[in-house]
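Enquirer: Could you look at this predicted model? Sequence included:
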Amino acid sequence: MQLTLNQRESMNENIMIIGTGSEEGVERSQIDAAVEGIASASVPGLKERAGVVYASAEIHAALPVRESRSSTKDLNAVMRGVRPIAFLVHSDVEILEGRAPRSGMDEIMVGQLAATRLGVPAERLAVGSKLHFDNRDWTISGRFAAPGTVMNAEIWMPLTDLQVATKRESTLSCVIVTLEDATFADVDVFAKSRLDLEITAIPERSYYASIASFYGPIRVMIIVTAVLIASGGVMGGLNTMYAAFAARVREVGMLQALGYTRSAIVINLTEESVFSAASGALIGTVFGILLLDGLAVRFSMGAFALTIDAPVVFTGFVGGLAVGLVGALPPAVRCLRLPIPEALKSV
Amino acid sequence: MSFITCQNLTREYKKGDAVIRPLDGLDLEIPRGDFLALMGPSGSGKTTLLNLVAGIDSPTGGSLVIDGTDLAKLSRNKLAAWRSKHIGYVFQLYNLVPVLTAYENVELPLLLHDLSKRQRYERITEALERVGIADRADHFPRQLSGGQEQRVAIARAIVTDPDIIVADEPTGDLDKGSAHTVMQLLQTLNKELGKTIVMVTHDPKTTEYATRTLHLEKGRLVEAEVAA
Ligand SMILES: Nc1ncnc2c1ncn2[C@@H]1O[C@H](COP(=O)(O)OP(=O)(O)OP(=O)(O)O)[C@@H](O)[C@H]1O
Ligand SMILES: [Mg+2]
């Protein structure tokens, strides 16, 4: 989740120009459509290829969409109206299937997690199928991926189409520019000097980081819940270990009577315990991967995918082993502290 | 000096100010090849004496020398090694590991010895045959009767070929028939293999299999030896 909201390092180069006072949410921002042209012309050092300046005029809007005209259920979609330049500015976006929507054709494009965001099955947003909003059916012309970014859960469409649909022909939500020789300060100075435009520059990364901090409490809640569940598991594990070892005090006494040394017994018991903990951790990991990996989670701003990747698997597995080790030692030592005659008497 | 020599052997426990002395200055000599039965009221110190001889407990006074080794002078690990070489312990409640087969239970003490799998197999089979239970090698303790379990436990006690067998009420939990089988088995081990046996018992009948019987009371020997 943090991964998703914090965005990737490469986005460092993107600066958002938004309406002053809208730092909390670009959906509320309204800036003059002319900002695109003025910014491209006024800020030197923006990225430029083949005479095209990397400045993406965009509309971000939360719109209710329906599965069809006859459907009565509103689904909350995050829409982004873009020009083709957006695919250059947002280098993370990759078209998986189909093609970019053409303007005036009532076409849209969906992100990988858009289905999750809407709460519909992924097949529902297959290329060629339709969604209904603004009294029209829109055909899905393509699917894109922007892994680890909020864009992954968005629906993209041509800027002009979304301007019409939202009835804001002469305004934009933001202009996103990509830096090359320029720095953030250059864009910032431009924004501050054009008081008439009422705009503010903010690095795209900071923008999403501040959204992330807004969602911090959710993260804390998730972590607290996870820790509670995990410590419950650890307690249960330790308790089981103690019970298992308590039942074996006499066996441990017998082994000592046969001539086994304490250290040999500790090593044996710990081995046993670590082995069973490892089996448990392995099973847990397999279940985790089967059930949770790729599972997409919705929240109000978008959706994020749970990833069970190598570090997560490693942490889980090592944690399991640690429980085996730490759980075995105290009861084993407790078992062995008893003098042999007393251990032999235990029932 | 005898094979096993106890001189002024004392074991005491301190509980705050109180001192409990289960063994109180005991003098005892056990020659090699003896089959000694120990009797006495509950709490007289029988198990305490047996545990000292078996090297799983240490005296707090006096000396205990077995075959020239002063047990009080051995470190904990040396004592464990000594036990595995010289002692076979037979418990009243068998103490077999429930998740292991009869064969694997008998194998346990052998794992402490430097033997190949093949050599272990031969020894285990021989021990199981001697106690007449070779056909039950694959059975788990729960699949055996009490008498059979005790015979597996005896096989476990003799598989390392120790010179001393200690048995704490080995028939205490058995019916008459099984007790007879077990006692005969112990007698054979004593007579044919020359094992020195020290046995605690409550049942006067079982003393008939021993070569002599001693009575303990309050941590001391009370009667003159009774020859069998
Ligand atoms: N760990 C201990 N702490 C304190 N006292 C003990 C301890 N172990 C044994 N005793 C005491 O030593 C005495 C002798 O105990 P022991 O087990 O040798 O008796 P026993 O002759 O084997 O009795 P029984 O026939 O009932 O088995 C008892 O009074 C017992 O309470
Ligand atoms: Mg006793």
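Expert: On my side now, so go ahead. Given the structure is predicted, the values throughout are model-derived calculations rather than measurements. Ligands and ions are numbered 1, 2, ... in the order given.

Enquirer: which parts of whichever strand or helix holds A:H132 are buried?
Expert: Using DSSP states H and E, A:H132 falls within strand A:130-133. Of the residues in strand A:130-133, those buried under the neighbour-count criterion (16 or more other CB atoms under 10 Å in any protein chain shown) are A:L131, A:H132, A:F133. Yep, even glycine has a C-beta here, placed from its N, CA and C like the rest.

Enquirer: Rank the helices and strands of chain B by mean pLDDT and give me the bottom one.
Expert: strand B:226-227 (a mean of 50; mean pLDDT, DSSP states H and E).

Enquirer: can you give me the helices in chain B?
Expert: Remark: helices assigned in chain B by DSSP state H are B:46-53, B:76-86, B:102-107, B:117-130, B:146-158, B:176-193.

Enquirer: Find the nearest non-adjacent residue to A:E169, please.
Expert: Among residues not flanking A:E169 along the chain, A:Q163 sits closest, at 5.1 Å (CB to CB, 6 or more residues apart in numbering or on different chains).

Enquirer: count of residues packed around that neighbour?
Expert: For A:Q163, the neighbour count with other CB atoms under 10 Å in any protein chain shown is 19.

Enquirer: Spit out the contact partners of it.
Expert: By CB atoms under 8 Å, 6 or more residues apart in numbering or on different chains, the contact set of A:Q163 is A:I59, A:G81, A:E169.

Enquirer: ok, of these, which come out buried?
Expert: Buried among these by 16+ other CB under 10 Å: A:I59, A:G81.

Enquirer: Just name the closest of the contacts of A:Q163 to B:V131, please.
Expert: Distance to B:V131, by CB to CB, is smallest for A:G81 among those, at 89.2 Å.

Enquirer: OK, now which residue of chain A is nearest to chain B?
Expert: A:G259 (2.5 Å; CB to the nearest CB).

Enquirer: okay, now that residue: neighbour count?
Expert: Applying other CB under 10 Å, I find that A:G259 has 26 neighbouring residues.

Enquirer: cool, and B:D27?
Expert: Using other CB under 10 Å, the number of residues around B:D27 comes to 12.

Enquirer: I figured it hits B:S2, correct?
Expert: No: using CB atoms under 8 Å, B:D27 is not in contact with B:S2; the gap is 10.9 Å.

Enquirer: Kindly reformat the helices of chain B as TSV containing distance to B:L38.
Expert: Shown next, in TSV, are the helices of chain B (distance: least, CB to CB, whole Å):
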stretch	distance to B:L38
helix B:46-53	5
helix B:76-86	19
helix B:102-107	26
helix B:117-130	25
helix B:146-158	17
helix B:176-193	14
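
Enquirer: What's the separation between the residue of chain A closest to chain B and B:L100?
Expert: 17 Å (CB to CB, to the nearest Å).

Enquirer: One more: A:T160?
Expert: Distance from A:T160 to B:L100, by CB to CB: 79 Å.

Enquirer: Next: B:P41.
Expert: Noted for B:P41: a distance of 36 Å to B:L100, by CB to CB.

Enquirer: Check A:G119 too.
Expert: Going from A:G119 to B:L100 by CB to CB gives 56 Å.
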